[in-house]
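Q: Need coordinates for the following:
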Amino acid sequence: MNKPLRALLCLTAIVAVGCGTTPLPAASPVAAAAGLSAESGSSGSSAGTSSGSATAASIVARCRVAAAKPVLTSAGRLRASVSRAGCTKEARLRIRIKKSVLGPDRVVKSGSRIVRNARLTTTSTANCAPGVFYTTATDSAGHVAVSRKVRVRCPAAPKPTPTPTPTENPGAGGGGTGVGTAIENEVVRLTNAERAKAGCKPLVHEARLHKAALGHSADMSAKNYFDHDSQDGRGFDDRIKATGYSFSSIGENIAQGQRTAESVMKDWMGSPGHRQNILNCDYTQIGVGYVAAGGPYWTQDFGRP
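A: The predicted structure is shown next:
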């Protein structure tokens with residue numbers, strides 16, 4: 001049996017860092033020209049004919065680098081800029097986007113260019129990954145700048161989980177009418193409409209599956225998480241067994257954030273893992289649980305006695 005994947009739809013957000021981080025595989029530094037744009041700045045030179053250590057020190061003191069914190073683009077890429085200003089001699093200016101992790105921080109994107117006074121911008125090529133990121137600027141003259149750290153949160157694709165191998169013998173699955181709320185039964189109706197197109201028989205809204213599904217949606221809402229596994233370590237098979245439902249096969253879909261039954265069904269049908277559960281002709285029963293607070297949160301539990 002396949003274990004479904006879960007669905008997660010949430011808004012992308014970047015907030016000031018204050019929490020833990022998630023490790024991100026290191027990316028190799030890129031060639032100097034890749035993903036970089038340079039903008040020429042003023043030379044920083046000054047008129048006059050005086051010389052001496054005081055004048056030289058003044059010129060050196062004006063030369064500096066700066067780093068801007070990374071931002072997340074609408075395409076889900078990290079973009080950052082560094083600059084060099086007030087300098088009279090050329091040097092190699094390097095930009096790095098780094099991720100804070102346990103141990104040495106990892107470089108997500110890197111590039112460099114020989115400049116006198118300029119700004120360099122680089123954009124990561126990998127898809128968005130959550131974590132804490134910052135920008136560093138260095139030049140071959142020894143100047144260093146580090147930006148503020150920011151926490152990045154990314155939209156996630158639906159993530160169903162596979163169906164576990166059952167540990168119970170098939171039992172009477174029961175059936176029910178008058179189970180669930182109007183919006184939950186609308187999900188059942190839309191599910192059966194999609195199954196009819198695929199030649200599958202309609203699912204019955206079963207009371208114990210509904211109890212398991214509603215309980216999981218309520219738990220995610222109350223504890224502010226989104227996962228097939230409950231925070232007490234139980235999987236969906238454990239939650240379904242706890243209702244007294246005996247099964248030969250089961251599956252689960254979850255989603256968060258969709259406002260209507262139509263929108264959640266559209267997202268599920270657009271995801272291969274969720275679609276597979278909905279159009280699995282072996283299933284004969286379903287439970288749908290909907291909780292609005294903090295989500296809304298949606299759970300579909302499928303079963304065959």
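
Q: Tell me how far the residue nearest to Val264 when sequence neighbours are not counted lies from Phe226.
A: Excluding the flanking residues, the one nearest Val264 by C-beta to C-beta, 6 or more residues apart in numbering is Gln258, at 3.9 Å. (C-beta placed from N, C-alpha, C; glycine too.) Applying C-beta to C-beta, to the nearest Å, the value for Gln258 to Phe226 is 13 Å.

Q: intersection of neighbour lists for those two?
A: Common contacts of Gln258 and Phe226 (C-beta atoms under 8 Å, 6 or more residues apart in numbering): none found.

Q: Model confidence for the residue nearest to Val264, exactly?
A: Reported pLDDT at Gln258 in the predicted model: 95.

Q: Pretty sure it sits against Trp298.
A: Yes. Gln258 sits in contact with Trp298 when judged by C-beta atoms under 8 Å, with a separation of 6.7 Å.

Q: Check which helix or strand the residue nearest to Val264 maps to.
A: Here Gln258 is covered by no helix or strand, with elements defined by DSSP states H and E.

Q: burial of it, as a residue count?
A: For Gln258, the tally of surrounding residues (other C-beta atoms under 10 Å) stands at 19.

Q: what phi and what psi does the backbone show at it?
A: Dihedral pair for Gln258: phi -70, psi 140, per degrees, to the nearest 10.

Q: Would you mind giving the secondary structure of the closest residue to Asn253 other than its chain neighbours?
A: Nearest non-adjacent residue to Asn253, counting by C-beta to C-beta, 6+ apart: Gln300, 4.2 Å away. Classification of Gln300 using DSSP: H, G, I helix; E, B strand; the rest coil returns strand.

Q: residues in contact with Gln300?
A: Neighbours of Gln300 in contact, by C-beta under 8 Å, 6+ apart: 187, 191, 213, 252-254, 268, 277-278, 286-288.

Q: Could you rerun that using 10 Å?
A: Neighbouring residues of Gln300 by C-beta atoms under 10 Å, 6 or more residues apart in numbering: 4, 7, 184, 187-188, 191, 203, 209, 213, 251-255, 264-265, 268, 274, 277-278, 286-289.

Q: how close does it get to Asp139?
A: Counting by C-beta to C-beta - Gln300 and Asp139 are separated by 56 Å.

Q: Just the helices from this structure, written as ranges.
A: Taking DSSP state H to define them, one finds helices in the chain at 53-62, 182-197, 207-223, 236-242, 261-269, 272-278.

Q: Brilliant, that's me finished.
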